[in-house]
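K.L.:
Kindly return the folded structure for what I paste below:
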Amino acid sequence: MCGIAGFFHPEGSLPENSLEILRKMGQVIEHRGPDDYGESLSDHCGFVFRRLAIIDLVHGHQPMISPSQKSIIVFNGEIYNFLELRKELESRGAIFRTNSDTEVIVVGYEVWGMSILDKLRGIFAFAIYDFEKRALLLARDHTGVKPLYYAFRSGHLVFASEIKAILKFPDIKPNLNIKCLPQFLSFLWVPAPNTLFDDIFILEPGTIMIVSTEGIRKKRYWNPDLSCPDDTINEKTWVEIIDSELRRIVDEQMISDVPLGAFLSGGVDSSTIVAFMNQVSDQAITTYTIGFNRRDLKDDVMLSDLEYARLAGKILNVNYNEIIVNPDVTSLLEKLIWHMDEPLSDPAAISTYLVCKAAKEECSVMLSGVGGDEIFGGYPRYLANQLAEEYHQIPRILREYLVSPLFLRLPTGSSRLLRNAKKFLRSADLSFEERYFGYLTYYTQEDLKALLNMDFNWPEIFGGHRQMLEKYRASDDLQSLMNLDLMTFLPYLNLMYTDKMSSAVAVEVRVPYLDHRLIEKAAKIPGHFKINAKKRKYIFKKVAEKYLPHKLVWRKKAGFGAPIGAWLKGRAKEMMLDLLSEETIKKRGYFNFSFVSSLIEDHLKEKEYNANQLWQLMAFEIWHRIFLD
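P.N.:
A predicted model of the protein is given here:
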């Protein structure tokens, strides 16, 4: 986990104060890599690098020029099969000066060209400048674990691991990308390649971009076939396949020259990762679990995982570390939004930051269970889509005049069940695609119109989703939805806050479930093995049963987040009322205060659970103050 940044002009000269600019870009992302600093400047290209040393602690300095002196690289991430690739390159006569994975990439590029990307297994974002071709190559890993942003200004391509570094380049001013505001409000994130900053973009996962005197070329290098399940394989064999794959991946991803541990939430995903770490390690695994005080949890929809985390820790005989937090939300939120770059307001970001901060005391590398839901079928909305088909069997007159109105009129309060039921019923009668979009969004079309003081086209909000759904449509609806989440929700929300929050405290998070070969294999598991008799992640849980108690494996899903609903009625109430005051809302002009006021009132009176919407609006206001004002 490191920080990279730089700029390139294929035809003109770089700014006179290029070195000063590079240093400012590197300084603002110092948190990503406190162990080392490097810079490089040539006629057309400048690179800067902040290093968190994980592999080859002595010789991994970057920017790294190739032994042939033909190209130079800055690289953020880890290549798990670099030793295997190194041997292959050495057999072809390549010479290496270090033991780092960085050098394997740049030497591999000179031997295999763009095909190097087909050989890499890992998490990465890198830039390679080819001196002879006067071309810059930007690349991002298969699923988007590592972010990479870019912008164009005065003939320059400017890139960085974080947007705040790009803003250090002359004449790049932070402006709101207002046309994407409806999408941000709907999903918590903006579909790629756009960001909430006007004219600043993000490179899509599994994509390369080449900039040279011939122009700009961008293409996907990873286009997996996720469309057709394999019905010839039985349940027992699928369990064996996934078991073997996970054992290989976890073993591969435990490579590190610094202390390594794991998150243990008490959920089946993280617990299973730790179980496999036990299988390949002869030492007790160090784990970290985060919890919140009982008072906050009592007044929120969030469930506690601590009972199950403690059970997993005991069964797996780990070096168990449990942190019960009672954070100063007012000061913490502003800090985290600065680190986030965009106001991604998923409460899970708070938990991620706090547990990474605690883990950093012993471990610089942590393995995580992120991605298990997307590839094995774990989200409640997957089951909801199936239940909607059964719901349609209820006579229409009962659905329209009895069932739906009855539930929709009930106050949600802090009831998780009612909250989910109402969201289900608002979309259950829609078509397959529209129904799923309804599960993904925070607002109905009517609510978004009432909130926003701007015109928008409701169908266009989901334009990117429709394109992605069509491109990765599978032979069954469940896999189609999982593919959509894998290509949108996962990289732009879950992986984004995971990277930014861990980077804030210089921790590298690895995600075994997102090994791209495992993703391709898991896509072949038939739908009835992913959700079986209403049980989600069925095949995966059959694997987990081999290592974990039944009580933990088949427990109710708790999710990962923070008790923001309780905070907004308590310690964060005054902050909310200040950030979302009538004066502030009207001054900005984006939102209708009467609607915002109703969200606040209904939440405080426990009529509706509006914590997610309010938290998002608060994060947006703080972001606006930090970056735009």
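K.L.:
Secondary structure of Ile105: a strand, I assume?
P.N.:
No. Counting by DSSP: H, G, I helix; E, B strand; the rest coil, Ile105 is not found in a strand; it is helix.
K.L.:
Please tell me how far it sits from Ala558.
P.N.:
According to CB to CB, to the nearest Å, Ile105 stands 39 Å off from Ala558. Placement of C-beta: from N, CA and C, glycine included.
K.L.:
what about these two, which has more around it?
P.N.:
Ile105 (26 against 16; other CB atoms under 10 Å).
K.L.:
and the more buried one, how far is that from Pro347?
P.N.:
Going from Ile105 to Pro347 by CB to CB gives 36 Å.
K.L.:
Which stretches in the stretch 151-300 of the chain count as helices?
P.N.:
Remark: helices assigned in the stretch 151-300 of the chain by DSSP state H, counting those that start in this stretch are 163-166, 181-187, 235-253, 268-280, 294-298.
K.L.:
Can I get those helices in TSV including mean pLDDT, mean neighbour count and distance to Ile323?
P.N.:
Shown next, in TSV, are the helices of the stretch 151-300 of the chain (pLDDT from 0 to 100; neighbours: other CB atoms under 10 Å; distance: least, CB to CB, whole Å):
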stretch	mean pLDDT	mean neighbour count	distance to Ile323
helix 163-166	98	24	28
helix 181-187	96	22	30
helix 235-253	97	17	24
helix 268-280	96	23	15
helix 294-298	77	14	15
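K.L.:
right, so of these, which gets closest to Ile315?
P.N.:
Comparison of the helices of the stretch 151-300 of the chain against Ile315 by CB to CB identifies helix 268-280 as nearest, at 8.5 Å.
K.L.:
Please could you give me each C-alpha atom of the closest one, formatted as PDB?
P.N.:
The C-alpha coordinates for helix 268-280 follow below in PDB (Å, rounded to 0.1, in the frame of the first residue of the first chain):
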ATOM      1  CA  VAL A 268     -18.700 -15.900   8.100                       C
ATOM      2  CA  ASP A 269     -16.600 -14.100   5.500                       C
ATOM      3  CA  SER A 270     -13.800 -12.800   7.800                       C
ATOM      4  CA  SER A 271     -14.000 -15.900  10.100                       C
ATOM      5  CA  THR A 272     -13.400 -18.200   7.200                       C
ATOM      6  CA  ILE A 273     -10.400 -16.200   6.000                       C
ATOM      7  CA  VAL A 274      -8.900 -16.500   9.500                       C
ATOM      8  CA  ALA A 275      -9.700 -20.200   9.400                       C
ATOM      9  CA  PHE A 276      -7.700 -20.600   6.200                       C
ATOM     10  CA  MET A 277      -4.900 -18.500   7.600                       C
ATOM     11  CA  ASN A 278      -4.700 -21.000  10.400                       C
ATOM     12  CA  GLN A 279      -4.300 -23.800   7.900                       C
ATOM     13  CA  VAL A 280      -1.300 -22.300   6.300                       C
END
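K.L.:
Which pLDDT does the model give Pro67?
P.N.:
For Pro67, the model assigns a pLDDT of 95.
K.L.:
In this structure it contacts Ile95, no?
P.N.:
Yes. At 5.3 Å, Pro67 counts as touching Ile95 under the criterion of CB atoms under 8 Å.
K.L.:
Output the below-cut-off pLDDT ranges for the stretch 251-400 of the chain.
P.N.:
By pLDDT under 70, the low-scoring segments of the stretch 251-400 of the chain are 391-392, 395-400.
K.L.:
just the strands in it please.
P.N.:
With DSSP state E, counting those that start in this stretch as the criterion, the stretch 251-400 of the chain has strands at 260-263, 286-292, 319-325, 365-367.
K.L.:
elements contacting the third one?
P.N.:
In terms of contact count using 3 or more CB pairs under 8 Å, 6 or more residues apart in numbering; DSSP states H and E, strand 319-325 is assigned the packing partners strand 286-292, helix 306-316, helix 348-359.
K.L.:
Flag the shaky bits of the chain, pLDDT-wise.
P.N.:
Judged by pLDDT under 70, the stretches of the chain that qualify are 1, 391-392, 395-425.
K.L.:
which residue is nearest the middle of it?
P.N.:
By CA atoms, centre = their mean, the mean C-alpha position of the chain lies nearest to Leu495, the distance being 1.3 Å.
K.L.:
Name all residues that make contact with it.
P.N.:
When the contact criterion is CB atoms under 8 Å, 6 or more residues apart in numbering, the partners of Leu495 are Thr143, Gly144, Val145, Val370, Val511.
K.L.:
Let's verify the first one: helix, strand, or coil?
P.N.:
Just to be clear, that refers to Thr143. Judged by three-state DSSP, the three-state class of Thr143 is coil.
K.L.:
quick one: it and His516 touch, right?
P.N.:
Yes. With contact defined as CB under 8 Å, Thr143 reaches His516; the gap is 6.7 Å.
K.L.:
Comparing the two, which residue is more hemmed in?
P.N.:
Using other CB under 10 Å, the more surrounded residue of Thr143 and His516 is Thr143, with 25 against 17.
K.L.:
how near is Gly464 to Leu495?
P.N.:
Distance, Gly464 to Leu495, by CB to CB: 17 Å.
K.L.:
tell me which element Arg473 is part of?
P.N.:
In the assignment (DSSP states H and E), Arg473 maps to no helix and no strand.
K.L.:
Can you give me the neighbour number for it?
P.N.:
Other residues lying near Arg473 total 15 when counted by other CB under 10 Å.
K.L.:
Ok, Asp130 next?
P.N.:
A total of 19 residues lie near Asp130 under the criterion other CB under 10 Å.
K.L.:
Name the nearest residue to Glu245, ignoring sequence neighbours.
P.N.:
Residue nearest to Glu245 in three dimensions, not counting chain neighbours: Leu518, with 5.1 Å by CB to CB, 6 or more residues apart in numbering.
K.L.:
For the one you found, identify the helix or strand it belongs to.
P.N.:
Following DSSP H and E, one finds Leu518 within helix 516-522.
K.L.:
Would you state the helices of the stretch 351-500 of the chain in chain order?
P.N.:
Remark: helices assigned in the stretch 351-500 of the chain by DSSP H, counting those that start in this stretch are 372-376, 380-391, 396-398, 404-408, 416-427, 432-440, 445-451, 458-461, 463-471, 477-487, 489, 495-503.
K.L.:
Kindly report the same for the stretch 1-150 of the chain.
P.N.:
When assigned using DSSP H, counting those that start in this stretch, the helices of the stretch 1-150 of the chain occupy the ranges 18-28, 82-90, 101-112, 116-119.
K.L.:
Give me whichever of those helices is most buried.
P.N.:
Greatest average neighbour count among those goes to helix 101-112 (a mean of 23), per mean count of other CB atoms under 10 Å.
K.L.:
That one versus helix 82-90: what angle between them?
P.N.:
40 degrees (axes from the mean of the first three to the mean of the last three CA atoms, to 10 degrees).
K.L.:
Kindly check the end-to-end length of stretch 192-208 for me.
P.N.:
Distance between the two ends of stretch 192-208: 14 Å, counting by CA to CA, to the nearest Å.
K.L.:
Relative to Gln62, which of the helices of the stretch 351-500 of the chain is closest?
P.N.:
helix 495-503 (16.3 Å).
K.L.:
next helix or strand past the closest one?
P.N.:
strand 508-510.
K.L.:
Now do that following strand: everything it contacts.
P.N.:
Applying CB under 8 Å, 6+ apart, the external contacts of strand 508-510 come out as 1, 52, 54, 78, 123, 253, 356, 364-368, 370, 498-499, 502.
K.L.:
Closest one of these to Ile200?
P.N.:
Using CB to CB, Asp499 comes nearest to Ile200 of the contacts of strand 508-510, at 16.8 Å.
K.L.:
can the helices and strands packed on strand 319-325 go into CSV with extra columns for mean neighbour count?
P.N.:
Formatted as CSV, these follow (neighbours: other CB atoms under 10 Å):
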stretch, mean neighbour count
strand 286-292, 24
helix 306-316, 19
helix 348-359, 24
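K.L.:
And the ones you listed: which comes nearest Ser13?
P.N.:
helix 348-359 (40.7 Å).
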